[in-house]
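Colleague: Just the structure for this:
(one chain, ligands or ions: 1)
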Amino acid sequence: MNFTINQYEFGQRPPVTLPSPQLLELLGETGMRQMVSDHYDLLSKSEIKHLFPRIEEALEKAKQRSSDFFIQICGGHPYFNENRGKPMLAKRHAPFAITPEAREVWLKCYQQVLSKMDLPEVVLQSFWDYLNVFSFWMVNTTE
Ligand code: HEM
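Modeller: Residues are numbered from 1 along each chain as shown. So this is what the prediction gives:
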């Protein structure tokens, strides 16, 4: 597995390839939601925990929004569009100060989750490649 974190210049929005739909096919919706939940639980204990909801109920909602999105982009039911509207994710992240370092912490939490998942390498790699590139779109400040 190659969970490298690419470095970009601030302001870059590199072209993104969607993850393989096999992720959803193999995990099912429940597995996708569990993966996202595990990621949020790590974020809640990380150096960037201040960015995420502390109250359990709000955290559950955040998990739902994020897993709705990943299910949708893996070719599943368009939960995110139904519940939140068009993704426009860079815009939705704008209220939060996301530095290149915060992105690295966020990605490292996903590294931990993915490295414990028993899935074909090619499927995990495709999801990682997506996160690695698209996460840079959310970076909106250098300080
Ligand atoms: C591939 C990269 C990423 C994807 C696909 C993604 C996806 C999402 C989605 C779907 C939401 C919910 C938006 C809404 O419905 O309003 C969200 C919220 C949020 N994301 Fe991201 N995100 C990514 C990267 C990041 C990074 C790198 C950070 C910070 C280091 C971050 C921090 C947040 C925060 C603070 C929220 C609001 C609280 C919450 O709902 O969790 N995201 N993200």
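Colleague: what number of residues lie near Val37?
Modeller: Actually, residue 37 is Ser. It isn't Val. 17 (other CB atoms under 10 Å). C-betas here are computed from N, CA, C, even on glycine.
Colleague: pretty sure it contacts Ala62?
Modeller: No - the pair Ser37 / Ala62 is not scored as a contact, 9.9 Å apart, by CB atoms under 8 Å.
Colleague: So which bits of the helix or strand where Leu114 lies are buried?
Modeller: Leu114 belongs to helix 100-115 when assigned by DSSP states H and E. Going by neighbour count (16 or more other CB atoms under 10 Å), the buried part of helix 100-115 is 100, 102-107, 109-111, 113-114.
Colleague: could you pick out which of these are near the ligand?
Modeller: Counting by CB under 6 Å from any ligand atom, 102-103, 106 from these sit close to the ligand.
Colleague: Now Ser70: closest residue in space, sequence neighbours ignored.
Modeller: Let me fix one detail, which is that residue 70 is Phe and not Ser. Nearest non-adjacent residue to Phe70, counting by CB to CB, 6 or more residues apart in numbering: Met32, 5.7 Å away.
Colleague: Show me what secondary structure element comes after the one helix or strand that neighbour maps to.
Modeller: In this structure, Met32 sits in helix 22-43 according to DSSP H and E. Sequence-wise, the next helix or strand downstream of helix 22-43 (DSSP H and E) is helix 56-73.
Colleague: Show the secondary-structure elements that whatever helix or strand comes next after that following helix is packed against.
Modeller: Next in sequence after helix 56-73, counting helices and strands by DSSP H and E, comes helix 79-84. In terms of contacts (3 or more CB pairs under 8 Å, 6 or more residues apart in numbering; DSSP states H and E), helix 79-84 is packed against helix 56-73.
Colleague: Mind giving me the packing neighbours of the helix it packs on?
Modeller: helix 22-43, helix 79-84.
Colleague: Does the ligand have contacts with that helix?
Modeller: Yes - using CB under 6 Å from any ligand atom, helix 56-73 reaches the ligand at 62, 65-66, 69.
Colleague: mind listing what Trp106 touches?
Modeller: 43, 48, 135 (CB atoms under 8 Å, 6 or more residues apart in numbering).
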